[in-house]
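Enquirer: I would like to see how this sequence folds:
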Amino acid sequence: MSNIYESAEATLGFISSPCLTKVELRVACRGIADRDALSKPDPCVVLKMQSHGQWFEVDRTEVIRSSSSPVFSKIFLVDYYFEEVQRLRFELHDISSGNNGLRDADFLGAMECTLGQIVSQRKLTKALLKQGNTAGKSSIMVTAEELSGNDDYVELSFSARKLDDKDFFSKSDPFLEIFRINDDGTESLVHRTETVMNNLSPVWKSFKVSLNTLCSGDHDRELKVAIDFTASNGDPRNSCSLHYIHPYQPNEYLKALVAVGEICQDYDSDKMFPAFGFGALIPPDFKVSHDFAVNFDEDNPECAGIQGVVEAYQNCLPKIQLYGPTNIAPIIQKVASSASEEMHTKEAMEYFILLILTDGVITDMADTREAIVHASHLPMSVIIVGVGNADFTDMQILDGDDGILRSPKGEPVLRDIVQFVPFKDFKHASPAALAKSVLAEVPNQVVDYYNAKGIKPKCMSDYESTRTFSP
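Expert: You can find the predicted model right below:
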């Protein structure tokens, strides 16, 4: 079953678009093995980004001489797209003295991740791998600071005079660490300068610091999935069915699920995704249900990762009977209930994203409008992907881009929380293009909700102190 998941995942590509957000990445390592008994490594980190299946170098740090736990002063500035999977690779090299190139350098290990994983966690620490195995006890830590497109910067320069000698035979090799004092009295690293070798009056390179940093990534986004199992999709055993399971090729439901899920899973803390179905007759009594757990465990509908949702979906199909009608209000109400509970918690930092995959016109339009108006007051968004060639005019009404959606009683939505996209518009594009279209509005929807509630994000002020990485 994983081959279908991997096939769908492999089609996710790199999409270029105007960048609204930039992220600063700071890198530190620890536990790097010594080259020999007499010398420590001279490490340098190379940052690469994947595009169309190939790795391209983005930038590299300075070389820090004779250090097994370097904290690099170089800050990587990268464009950040919430709605895309941006795959990064951090390679650690040992640059021998007198040579700053990589051709003769020793490769010490690498770490791969997505930019979304770093941004969502703010601080990502992983073991370095070499030829598929852990490179001893060495690890790399990357911290992220998200910048708005209109940030102001101040340029700082530092120097020192008449530092003490280390001993009679050698001068100091100074570097400078700049910390900020947080509201709670803790310290956070802002910048670490380069090391100036053998110098008692060093002048360090100037650097820029942002005056306006954002912490929008500190809200945990939880993805919930709802799949349409109505009879209009066609018999799953028939190759014409939208639910047809090919041994190696994902159907349109799976393509949409993987494309959107691959993005959202980076922002889900436990990587467990509740998956529901609607419009089917389910065992054991085969009564119609519009909000059943795809894994048939009503007490725990969560699946392990997006691949777990795919496997639950494939296991579910032979056990149910596709039926109808196409009612989506019950599943919106189910997720809204969870969002309502979260809204009344002390911190209210969890935001829910409901992904609905459906093939036809909904039959409970009035109830759905009512449910969406209610949900617009809650920490949640609704993404609807229309699968197949049906008339989705009603879905466009729910989207609200052409006017304010109102309940049957005339109550308007507090904010726009619905994004509808017909999958047929992306038949000749990559699933990444679909994900980009349906997720582009989510960051603003999250910010709009918390701004309206006056809830400030929990800024990650406790970056791990560089003292734990000091030589």
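
Enquirer: gap between the host helix or strand of residue 288 and the chain center?
Expert: Assigned by DSSP states H and E, residue 288 belongs to strand 287-289. The chain centre lies 35 Å from the centre of strand 287-289; the measure is Cα atoms, centre = their mean, to the nearest Å.

Enquirer: go on, stretch 300-316?
Expert: Here the centre of stretch 300-316 is set off from its chain's centre by 20 Å, with Cα atoms, centre = their mean.

Enquirer: avg pLDDT for that stretch?
Expert: Taken as a whole, stretch 300-316 carries a mean pLDDT of 93.

Enquirer: contact partners for the residue nearest to residue 404 when sequence neighbours are not counted?
Expert: Leaving out its chain neighbours, the residue that sits closest to residue 404 by Cβ to Cβ, 6 or more residues apart in numbering is residue 412, at 4.9 Å. Just so you know, the C-beta spots here come from the backbone N, C-alpha and C atoms, and that holds for glycine as well. Residues near residue 412 by Cβ atoms under 8 Å, 6 or more residues apart in numbering: 373, 404-406.

Enquirer: for residue 238, same thing?
Expert: Residues in contact with residue 238 (Cβ under 8 Å, 6+ apart) are residue 244.

Enquirer: against residue 251, how distant is it?
Expert: For residue 238, the distance to residue 251 (Cβ to Cβ, to the nearest Å) stands at 12 Å.

Enquirer: just to revisit the earlier point, name the helices or strands packed onto the strand holding residue 288?
Expert: Packing partners of strand 287-289 (3 or more Cβ pairs under 8 Å, 6 or more residues apart in numbering; DSSP states H and E): strand 280-282.

Enquirer: give me the sheet partners of the strand it packs on and which way each runs.
Expert: Next to strand 280-282 in the sheet, as set by DSSP bridges, lie strand 287-289 (antiparallel), strand 321-322 (antiparallel).

Enquirer: quick check: neighbours shared by residue 238 and residue 251?
Expert: Contacts common to residue 238 and residue 251, judged by Cβ under 8 Å, 6+ apart, are residue 244.

Enquirer: that older thread, check which residues of the strand holding residue 288 are buried.
Expert: 288-289 (16 or more other Cβ atoms under 10 Å).

Enquirer: stretch 448-458 too?
Expert: By neighbour count on 16+ other Cβ under 10 Å, the buried set for stretch 448-458 is 449-450.

Enquirer: count the residues that sit near residue 422.
Expert: For residue 422, the count of nearby residues is 18 (other Cβ atoms under 10 Å).

Enquirer: count the residues that sit near the closest residue to it other than its chain neighbours.
Expert: In space, and not counting its chain neighbours, residue 422 is closest to residue 386: 4.3 Å by Cβ to Cβ, 6+ apart. When neighbours are counted by other Cβ under 10 Å, residue 386 registers 25.

Enquirer: what's the domain layout of the protein?
Expert: Structural domains of the chain, as assigned by automatic domain parsing, span the residue ranges 21-148, 156-211, 218-453.

Enquirer: averaged pLDDT, the second one. What do you get?
Expert: When pLDDT is averaged along domain 156-211, the result is 66.

Enquirer: equivalent analysis for the first one, please.
Expert: Within the predicted structure, the mean pLDDT of domain 21-148 is 85.

Enquirer: output the contacting helices and strands for the helix or strand where residue 444 lies.
Expert: Using DSSP H and E, residue 444 sits within helix 442-453. For helix 442-453, the packing partners by 3+ Cβ pairs under 8 Å, 6+ apart come out as strand 350-358, strand 380-386.

Enquirer: quick one: the helices in the stretch 151-300 of the chain?
Expert: Assigned by DSSP state H, counting those that start in this stretch, the stretch 151-300 of the chain shows helices spanning 252-264.

Enquirer: for the spatially closest residue to residue 440 that is not a sequence neighbour, give me its contacts.
Expert: Nearest residue to residue 440, sequence neighbours excluded (Cβ to Cβ, 6+ apart): residue 83, at 5.1 Å. Listed by Cβ under 8 Å, 6+ apart, the contact set of residue 83 reads 263, 435-440, 442.

Enquirer: how about those in JSON lines, adding secondary structure and neighbour count?
Expert: JSON lines is the format used below for these (DSSP: H, G, I helix; E, B strand; the rest coil; neighbours: other Cβ atoms under 10 Å):
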{"residue": "263", "secondary structure": "helix", "neighbour count": "28"}
{"residue": "435", "secondary structure": "helix", "neighbour count": "26"}
{"residue": "436", "secondary structure": "helix", "neighbour count": "22"}
{"residue": "437", "secondary structure": "helix", "neighbour count": "20"}
{"residue": "438", "secondary structure": "helix", "neighbour count": "25"}
{"residue": "439", "secondary structure": "helix", "neighbour count": "23"}
{"residue": "440", "secondary structure": "coil", "neighbour count": "16"}
{"residue": "442", "secondary structure": "helix", "neighbour count": "21"}
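
Enquirer: of those, closest to residue 275?
Expert: Set against residue 275, the nearest of these by Cβ to Cβ is residue 263 (16.6 Å).

Enquirer: so what's that closest one up against?
Expert: Residue 263 is in contact with 82-85, 116, 435, 439, counting by Cβ under 8 Å, 6+ apart.

Enquirer: out of those, name the ones that lie in helices.
Expert: 116, 435, 439 (DSSP state H).

Enquirer: burial count for the nearest residue in space to the first one that is not next to it in sequence?
Expert: Right, residue 116. Excluding the flanking residues, the one nearest residue 116 by Cβ to Cβ, 6+ apart is residue 266, at 3.3 Å. By the criterion of other Cβ under 10 Å, residue 266 has 21 neighbours.

Enquirer: look up how far residue 433 lies from residue 266.
Expert: Residue 266 is 18 Å from residue 433, where distance means Cβ to Cβ.

Enquirer: same deal with residue 424?
Expert: 13 Å.

Enquirer: and the two? which has more neighbours close in?
Expert: residue 433 (17 against 14).

Enquirer: ok, the more buried one touching residue 425?
Expert: No: the criterion here is Cβ atoms under 8 Å, and residue 433 misses it with residue 425 at 9.2 Å.

Enquirer: residue 327 contacts residue 278, correct?
Expert: Yes: at 6.5 Å, residue 327 counts as touching residue 278 under the criterion of Cβ under 8 Å.

Enquirer: for the longest helix seen in the chain, packing partners?
Expert: Counting by DSSP H, the longest helix found in the chain is helix 329-343. Contacting helix 329-343 under the criterion 3+ Cβ pairs under 8 Å, 6+ apart are the following elements: strand 220-228, strand 272-278, strand 350-358, helix 365-375, strand 380-386.

Enquirer: now tabulate these in JSON lines and tack on mean pLDDT and distance to residue 196.
Expert: Below are the helices and strands packed on helix 329-343 laid out as JSON lines (pLDDT from 0 to 100; distance: least, Cβ to Cβ, whole Å):
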{"stretch": "strand 220-228", "mean pLDDT": "88", "distance to residue 196": "42"}
{"stretch": "strand 272-278", "mean pLDDT": "94", "distance to residue 196": "49"}
{"stretch": "strand 350-358", "mean pLDDT": "91", "distance to residue 196": "46"}
{"stretch": "helix 365-375", "mean pLDDT": "95", "distance to residue 196": "57"}
{"stretch": "strand 380-386", "mean pLDDT": "91", "distance to residue 196": "50"}
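
Enquirer: quick one on the thing from earlier: please identify the most buried of the helices and strands packed on helix 442-453.
Expert: strand 380-386 (a mean of 26; mean count of other Cβ atoms under 10 Å).
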